[in-house]
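here is a sequence with its predicted model. Questions after.
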Amino acid sequence: MDAARRHRGEGVTVQRWMRAPALAGALVLLAVAPAIACGGDDDAAAPASGDAAYPVTATALPGRSVAIEAAPEGLVTTSPSAIELLADVGGTAIARSSTATAVPGAAELADIGPSYQPSFEQIVALDPDLVIADASAQAHLAGAFEEALGGTPTLFVGARAYADLAASARILGAAIAAPEQAEESASAFEAVAREVGGGAGASPRVLVLVAGRDGTLSAALGASFVGDLVALLGGDNVAAALPQSGPVPGYALISPESIVSFDPEVLLVVTPGGGPSIAGIVSAQLPELAAVRSGRIHELDLEVYLQVPGPRAREGLRALASLLHPG
């Protein structure tokens, strides 16, 4: 047995990490059964019950099926979302991406490089039973994963919409034989959505701006994760239907003139790590905006709402609800 497998017991297992009280729920986007499948957003599904039976076939990224022959022990995660979701269903990781340190104990795990450019050599050296990748941030790398990792099963999970988080929890739980913990996790996501979804009263006009390091501004479209949260809460995302533009999927470059024409009642801003907040800049340069006049311009957490959709999105959804529907 190699060194990586001898030390698998030193991985990180965190059950109920960042978890809200679980309630019953049935919203599933990824099929979970002795064979797990997900062909698209409209697929029907049924929750798993009892211990997972192996071999298991999983399709978490449309068009890519993964055969898992036996209960996996060595789990390598390749993004912050992947390890946070795995930890939330009680899974144990032996490796993580460079910035994935929010889960307690994760900093001590093997580092396989940044999520945008994982080191396949380091992953292979760990001899994992299962690699858990990010269906949102790493889908474009699916071919590279397959070519570099050969026969190592690679499961793509993640979230482009809030409902995907419960689905990802269930498919992970079935894949690693932890269906009960996974159902707790999934039900907790769904409970928060029922608690705050739809909002109360009128739908405020909302604009979500993300500042680029080059000084450009992008607006969150309806297809973005934060755009989905706004819609779930009953907000009117004024930029939802703009055509995609710029380097980030789900976002469109936007000019100050367009911001003024939209005149949002609530302005939510996201600033890259280390950069100055754009809330004050926008307030100073666009004082005529309804959101500025009423003091409804708010800074959002970069990781929770943009970079790392995962268990922290539960409290993120609650916090966003209070901004859109105060009182």
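Everything's here; your move.

from now on I want contacts and neighbour counts done on CA atoms only, so please keep to that.
Noted.

residue 243: how many residues sit nearby?
11 (other Cα atoms under 10 Å).

leaving out chain neighbours, which residue sits closest to it?
residue 252 (6.6 Å; Cα to Cα, 6 or more residues apart in numbering).

OK, contacts around the one you found?
By Cα atoms under 8 Å, 6 or more residues apart in numbering, the contact set of residue 252 is 218-221, 242-246.

show me where the stretch 1-150 of the chain dips below the pLDDT cut-off.
By pLDDT under 70, the low-scoring segments of the stretch 1-150 of the chain are 1-52, 61-63.

mind listing the strands for it?
12-15, 56-61, 64-68, 75-77, 89-93, 95-96, 110-111, 130-134 (DSSP state E, counting those that start in this stretch).

wait, which of the contacts of residue 252 is closest to residue 264?
residue 219 (11.9 Å; Cα to Cα).

element containing that closest one?
strand 217-220 (DSSP states H and E).

re earlier: tell me the least confident of the contacts of residue 252?
On pLDDT alone, residue 246 ranks lowest of the contacts of residue 252, at 87.

now that one: how far from residue 135?
Going from residue 246 to residue 135 by Cα to Cα, to the nearest Å gives 20 Å.

so these two - more neighbours on which side?
More neighbours surround residue 135 than the other of residue 246 and residue 135, with 23 against 13 (other Cα under 10 Å).

check contacts around that one.
For residue 135, counting by Cα under 8 Å, 6+ apart, the contacting residues are 60-61, 156-159.

care to break the chain down by domain?
Split into domains by automatic domain parsing, the chain comes to 3-195, 205-324.

among those, which is the most enclosed?
domain 3-195 (a mean of 21; mean count of other Cα atoms under 10 Å).

thinking again about what came up before, ok, so of the contacts of residue 252, who is nearest residue 80?
Closest to residue 80, out of all of these and judged by Cα to Cα, is residue 220, at 21.1 Å.

by how many degrees do the host helix or strand of residue 190 and strand 89-93 diverge?
Assigned by DSSP H and E, residue 190 falls within helix 179-196. Counting by axes from the mean of the first three to the mean of the last three Cα atoms, to 10 degrees, helix 179-196 lies at 120 degrees to strand 89-93.

which stretches in the stretch 1-150 of the chain count as helices?
3-6, 80-88, 120-125, 142-149 (DSSP state H, counting those that start in this stretch).
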